[in-house]
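Visitor: Make a model of this:
(chains A and B)
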Amino acid sequence: MSGAIRAEGLGKLYRIGRLESRYDTLRDALAGWGRRLVERRKGSGGEDTLWALRDVSFEIGRGEAVGLIGGNGAGKSTLLKILSRITEPTTGEARIEGRVGSLLEVGTGFHSELSGRENVYLAGAILGMKRAEITRKLDEIVAFAEVERFLDTPVKRYSSGMYLRLAFAVAAHLEPEILLVDEVLAVGDAAFQKKCLGKMGDVARQGRTVLFVSHNMVAIEGLCQRVLWLRDGRVAEDGPAGRVVSEYLKTSSAPAPERLWCDRDTAPGNEKVRLRSARVRPASGSPGDPVTVRTPLVFEFEYWNLQPGARLNLSLHLYNEQGVLVFNAGPLDPPPSFPAGLFRDVCQVPGDFLNDGVHSVELMVVQDLGKVLFRIADLLVFDVRDTVEMRGEWYGKWPGAVRPLLPWSTEAVEVPVEEPA
Amino acid sequence: MPARSGVSASALPVTILRPSRGWVSLGLGELWEYRELLYFLVWRDVKVRYKQTALGAVWAVLQPVATMVVFSLFFGRLAGVPSDGVPYPVFSLAGLVPWTFFSQGLVQSANSLVGSQNLLTKVYFPRLAIPTATVLSGVVDFALSFLVLMGIMLFYGIVPTARILWLGPLLMLAFATALGVGLWLSALHVKYRDVRYVVPFLAQLWLFATPIAYPSSLLREPWRALYGLNPMAGVVEGFRWALLGTDTAPGPLLAASAATSLVLLISGAFYFRRMERTFADFV
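Guide: Numbers count the residues shown, from 1 in each chain, chains lettered A, B, ... in the order given. Alright, predicted model coming up:
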């Protein structure tokens, strides 16, 4: 396997100090020169700089599809910008064999006043296609984007979905040997994402070299055999997709699957009721163990009742990342009279029910079925991870607040019998 | 599909990316490879300009013609400025038509990089294509206002001679000057945002420093040739000589203009290329 991309010690230094602020004026520049003269004499080289990328080395073989992951500001986009020649490295060197097509944004070069057809030519030329090549692929591009009827309409009149599809279609029909793709799939609806991911899969299968940035770990694992993980501008891990993605996920979220208060007087609550502990765990594990959409879960809450004879019940509210209430649960029976003391409530959630993403728990303590004694938001925070199982060919984000696995059957009701030939 | 891109390993182009320092080559070969992009950028500018404005083509003509009317009234009639024996309206319009091409090209190319921020930060192509396309797209406006100039000449009974062929090189001189200054200013503009305010002022000063409202024949040699250090003086006087047959053949003046213009263009291109590596980081 010969190398398509070989990077050695790549680094990118950004100046964020006052001397090189982003929007200089001539006056500031003159003042800056003066200041620099003075400071040089003083010997203070203290300029605010930031290594967005530091000593990054890797090699990607021809035909490899490699995922690039990392938190925000880890240097993923900077690396793609260097490899696509938008910006120069500050240190190091990269050797690239083959033509590079980069797709860092959907719609680069589009002009809203121009028609769909005109934009295909314009954007195609900007992305590096020859006119003849665009003409040859026009029908294919238009069919992919499903905008045949609006080809001569200015794109400013397109729906955002049509616009995105057309813009992606142009870029997707580039035929470079090396394709660099930034998080372009974060936009658009589920159908669009499905289409894009399908096309990306085709590109990867055609034997082109693909470097693919995404926050969507399922897409990464589905499309890439290998993953590069960047952290603070350096390569943290480089290896098989499954292993690197799990390593990355272990460190990426800030979950709080368990809370415990030993001192009753300072625990959350009031003079009527106080919490002792709260936890969420896999039914057959302990808090902090990985949870996927398939894992059955157990919530446990312990609390002190300080009012003898009170009729209490807990009310669990589970929210997803979007702040949508996924469900509200509580005891099924009407609450009995509680003596004073320590109590524990346990709630079981089946597997194949929650969708993936970060979830948070809000807990309420209710008296006499109507009076909220106290409530606490974000009591527990935990991440439900996606899996590649049970989803067919679809790698995109699974829509919906929950993701139940429901019995589903298909049967033939009437099939015309063909005459034997 | 893989077969199509299945070029043998040795045929694949190899690119080495590393930090560059100091002055770099102009990369004109690469610019030539991207000539289709240049064409599409020009085409886009022209198309959008004529689609977006209600008056469309009229704008291209209105500006030089309205200025001609004002100049004719104040300089021609009231101040009695000489016009080399040609009716003053034709005299001034023959200067205003190439001038408008130049000043539009200058102003728009100076803003072109900052206006193309989304392209600069998202896709690679030779950056020289942006200001070059901007200046080139002014040729369409020029052609329209040139037709009006021809009409007014005929109205005054002035018929062009074979000298009209000189307009080609003269237009190229105006193009080279606009691009040369545009390269300097657009590269500076990425870093220094006050260039935006300097440019209209510069264009205005330059207008009065160019023999548009008055003839350069007011000056005597060698001062007239020295005046040619303003390349637009050469272009404007060249236009009048080629179209109107003013008998002041601007030889030395033109030579000085061509030399200055070339210096501006080459230095501008090298400065642009030197600054190019930081465009995406600053814009």
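Visitor: burial count for residue A:125?
Guide: Residues lying near residue A:125 (other Cβ atoms under 10 Å in any protein chain shown) number 24. Bear in mind the C-beta positions are built from the backbone N, C-alpha and C, glycine included.
Visitor: actually residue B:172, sorry about that
Guide: Other residues near residue B:172 come to 13 when the count uses other Cβ under 10 Å.
Visitor: ok, it to residue A:205 distance?
Guide: For residue B:172, the distance to residue A:205 under the criterion Cβ to Cβ, to the nearest Å works out to 51 Å.
Visitor: Repeat that for residue B:257.
Guide: Computed as Cβ to Cβ, the residue B:257 to residue A:205 distance reads 60 Å.
Visitor: More neighbours: which of the two?
Guide: More neighbours sit around residue B:257 than around the other of residue B:257 and residue A:205, counting by other Cβ under 10 Å; the figures are 29 against 13.
Visitor: Skip the chain neighbours and tell me the closest residue to the more buried one.
Guide: residue B:234 (2.5 Å; Cβ to Cβ, 6 or more residues apart in numbering or on different chains).
Visitor: thought residue B:94 was touching residue B:239?
Guide: Yes. Assessed by Cβ atoms under 8 Å, residue B:94 is found in contact with residue B:239 at 5.3 Å.
Visitor: who's more crowded, those two?
Guide: Using other Cβ under 10 Å as the criterion, residue B:94 and residue B:239 rank with residue B:94 on top: 29 against 26.
Visitor: Show me what counts as buried in the helix or strand containing the more buried one.
Guide: Assigned by DSSP states H and E, residue B:94 belongs to helix B:88-110. Buried residues in helix B:88-110, counted by 16 or more other Cβ atoms under 10 Å in any protein chain shown: B:88-110.
Visitor: same check, this time on stretch A:310-317
Guide: Neighbour-count burial for stretch A:310-317, with 16+ other Cβ under 10 Å as criterion, is recorded at A:310, A:312-314, A:316-317.
Visitor: sec struct for whichever residue of the stretch 101-250 of chain B sits closest to chain A, please.
Guide: For the stretch 101-250 of chain B, the residue closest to chain A is residue B:124, as judged by Cβ to the nearest Cβ, at 4.0 Å. Classification of residue B:124 using DSSP: H, G, I helix; E, B strand; the rest coil returns coil.
Visitor: contacting residues around the residue nearest to it when sequence neighbours are not counted?
Guide: Of all residues beyond its chain neighbours, the one nearest residue B:124 is residue A:85 (4.0 Å), with distances taken as Cβ to Cβ, 6+ apart. Residue A:85 makes contact with A:100, B:15, B:17, B:124, according to Cβ atoms under 8 Å, 6 or more residues apart in numbering or on different chains.
Visitor: So what's the residue count around the second one?
Guide: Right, residue B:15. Neighbour tally, residue B:15, other Cβ under 10 Å: 16.
Visitor: Run a quick neighbour tally on the closest residue to it other than its chain neighbours.
Guide: On the basis of Cβ to Cβ, 6+ apart, the spatially nearest residue to residue B:15 that is not a chain neighbour turns out to be residue A:96, at 4.5 Å. A total of 24 residues lie near residue A:96 under the criterion other Cβ under 10 Å.
Visitor: cool, and residue A:213?
Guide: Residue A:213 has 22 neighbours, counted by other Cβ under 10 Å.
Visitor: which residues does it contact?
Guide: Residues in contact with residue A:213 (Cβ under 8 Å, 6+ apart) are A:67-69, A:76-77, A:80, A:181-183.
Visitor: Need those residues in JSON lines (columns: neighbour count, distance to chain B and secondary structure).
Guide: Formatted as JSON lines, the entries for the contacts of residue A:213 read as follows, by neighbours: other Cβ atoms under 10 Å in any protein chain shown; distance: Cβ to the nearest Cβ, whole Å; DSSP: H, G, I helix; E, B strand; the rest coil:
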{"residue": "A:67", "neighbour count": "25", "distance to chain B": "21", "secondary structure": "strand"}
{"residue": "A:68", "neighbour count": "25", "distance to chain B": "17", "secondary structure": "strand"}
{"residue": "A:69", "neighbour count": "28", "distance to chain B": "21", "secondary structure": "strand"}
{"residue": "A:76", "neighbour count": "25", "distance to chain B": "15", "secondary structure": "helix"}
{"residue": "A:77", "neighbour count": "20", "distance to chain B": "10", "secondary structure": "helix"}
{"residue": "A:80", "neighbour count": "22", "distance to chain B": "10", "secondary structure": "helix"}
{"residue": "A:181", "neighbour count": "23", "distance to chain B": "12", "secondary structure": "strand"}
{"residue": "A:182", "neighbour count": "22", "distance to chain B": "9", "secondary structure": "coil"}
{"residue": "A:183", "neighbour count": "17", "distance to chain B": "13", "secondary structure": "coil"}
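Visitor: could you say which helix or strand contains the residue lying closest to residue B:225 once chain neighbours are set aside?
Guide: With Cβ to Cβ, 6+ apart as the criterion, residue B:225 has its nearest non-adjacent residue at 3.7 Å, and that residue is residue B:252. Take DSSP H and E as the rule and residue B:252 turns out to sit in helix B:251-282.
Visitor: Which secondary structure elements does that helix sit against?
Guide: helix B:167-191, helix B:223-227, helix B:231-244 (3 or more Cβ pairs under 8 Å, 6 or more residues apart in numbering or on different chains; DSSP states H and E).
Visitor: Output the shortest one in CSV with nothing but the alpha carbons.
Guide: I take that to be helix B:223-227. Taking C-alpha atoms only, helix B:223-227 is exported to CSV below (Å, rounded to 0.1, in the frame of the first residue of the first chain):
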residue,chain,number,x,y,z
TRP,B,223,7.3,67.5,-17.9
ARG,B,224,4.6,65.9,-20.1
ALA,B,225,6.6,62.6,-20.4
LEU,B,226,7.2,62.8,-16.6
TYR,B,227,3.4,63.0,-16.2
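Visitor: quick one: buried residues of it?
Guide: Burial within helix B:223-227, assessed by neighbour count using 16+ other Cβ under 10 Å, is assigned to B:224-225, B:227.
Visitor: what's near enough to touch residue A:347?
Guide: Taking Cβ under 8 Å, 6+ apart as the definition of contact, the neighbours of residue A:347 are A:298-300, A:316, A:329.
Visitor: give me that answer again for 6 Å
Guide: The contact partners of residue A:347, taken as Cβ atoms under 6 Å, 6 or more residues apart in numbering or on different chains, are A:299, A:329.
Visitor: Then the one 5 residues further on?
Guide: When the contact criterion is Cβ under 6 Å, 6+ apart, the partners of residue A:352 are A:294, A:405.
Visitor: Quick check: it vs chain B, distance?
Guide: 38 Å (Cβ to the nearest Cβ, to the nearest Å).
Visitor: That residue sits in which helix or strand?
Guide: Residue A:352 is part of no helix or strand when elements are defined by DSSP H and E.
Visitor: that older thread, could you rank the contacts of residue A:85 by neighbour count and give me the top one?
Guide: Greatest neighbour count in the contacts of residue A:85, by other Cβ under 10 Å, goes to residue A:100: 23 neighbours.
Visitor: what bridges to that one?
Guide: The residues listed as beta-bridge partners of residue A:100 by DSSP bridges are residue A:178.
Visitor: Over to residue A:349?
Guide: Residues in a beta bridge with residue A:349, per DSSP bridges, are residue A:297.
Visitor: what residues are up against the residue nearest the centre of chain B?
Guide: Among the residues of chain B, the smallest C-alpha distance to the mean C-alpha position (Cα atoms, centre = their mean) belongs to residue B:178, namely 3.3 Å. Listed by Cβ under 6 Å, 6+ apart, the contact partners of residue B:178 are B:102, B:105-106, B:135.
Visitor: Check residue B:109 too.
Guide: Per Cβ under 6 Å, 6+ apart, neighbours of residue B:109: B:131, B:134-135, B:182, B:186.
Visitor: For it, report the pLDDT, please.
Guide: What the model reports as pLDDT for residue B:109 is 96.
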